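Enquirer: sequence unavailable; structure follows:
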């Protein structure tokens, strides 16, 4: 109780599993809910500090007025297209309709991402809290996009399906409540992530789905997952920690997965590195 009373909001987030598993908290649901609420707010506050200004790429569109989407940017009448497609618009016997007027406008270029995250015992404590911040950074930048999230330890589970609409608060709650287990089944995590990338609804306008894999490159269950990497359209590997023994596997996964490797030597840098990955994805890298 003394530890709990003296802990800051971020301390609660980094020690969330430690606190929530205390017997006196297990018996007090209201207190457990308060710890979860404070921890989630701390994660979201940290994510907001990381974010800067990102200019989303846009696509130029032309369509009849009746087909202009509600989220269209800078819509304006395209006189040339209107005259070409609606030659009778100026005729006295013709009553103009919404289909006669052609508009030009911009739409934000969509992005689809799958995040696969190690939540085994090696990722508890501050690592888990900072990983939650990194996830929040992605969701804050893509609030309406098709984002799938997979967590894996002994086995993999889907935390968010690509078409699922949940609040960022609910997502971070789900992530923090994932029980950290002793083994790291990297193969299972990659299989589940691959299943989401192969979902027919993920690919947008022929653009390949990007998968971001957060791992230390070590696995203690399952087979060597390198054989799965070539099936990914675009795999970005974020290697956690500075252990060199697992670097070769991470390099192999990124190379075979048609992507790139980012090393995160200090876990405190993870949210910033994730932010840079988001910017690169938007630039088409």
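Expert: Alright, I've got the coordinates. Remember, it's a predicted structure, so these values are computed and weren't measured experimentally.
Enquirer: please enumerate the helices of this protein.
Expert: 2-6, 9-14, 16-20, 23-26, 29-50, 79-85, 126-141, 168-176, 186-197, 247-256, 270-282 (DSSP state H).
Enquirer: pop the domain breakdown of the protein in here.
Expert: 2-43, 58-108, 109-282 (automatic domain parsing).
Enquirer: hey, which of those domains is tucked in deepest?
Expert: domain 109-282 (a mean of 19; mean count of other C-beta atoms under 10 Å). For every residue, glycine as well, the C-beta is placed using N, CA and C.
Enquirer: endpoints of that one, how far apart?
Expert: This stretch, domain 109-282, spans 9 Å end to end (C-alpha to C-alpha, to the nearest Å).
Enquirer: from the chain's centre, how far out does that domain sit?
Expert: 8 Å (C-alpha atoms, centre = their mean, to the nearest Å).
Enquirer: could you do stretch 41-56 as well?
Expert: Worked out by C-alpha atoms, centre = their mean, stretch 41-56 lies 13 Å from the chain centre.
Enquirer: tell me the pLDDT at the most centrally placed residue in the chain?
Expert: Residue closest to the average C-alpha location in the chain (C-alpha atoms, centre = their mean): residue 138, at 4.5 Å. We have a pLDDT of 90 for residue 138.
Enquirer: do the same with residue 3
Expert: pLDDT, residue 3: 64.
Enquirer: any chance of the domains of the chain in CSV, plus distance to residue 49?
Expert: Converted to CSV, the domains of the chain look like this (distance: least, C-beta to C-beta, whole Å):
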stretch, distance to residue 49
domain 2-43, 11
domain 58-108, 24
domain 109-282, 8
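Enquirer: between the ones you listed, which one is closest to residue 51.
Expert: Checking the domains of the chain against residue 51 by C-beta to C-beta gives domain 109-282 as the closest, at 6.1 Å.
Enquirer: excluding chain neighbours, what is closest to residue 130?
Expert: residue 270 (4.9 Å; C-beta to C-beta, 6 or more residues apart in numbering).
Enquirer: quick one: mean pLDDT over stretch 63-82.
Expert: On average, stretch 63-82 scores 85.
Enquirer: nope, stretch 165-183 is what I meant
Expert: The model assigns stretch 165-183 a mean pLDDT of 86.
Enquirer: same question for stretch 97-110.
Expert: Computed over stretch 97-110, the average pLDDT equals 82.
Enquirer: with that, I have no additional questions.
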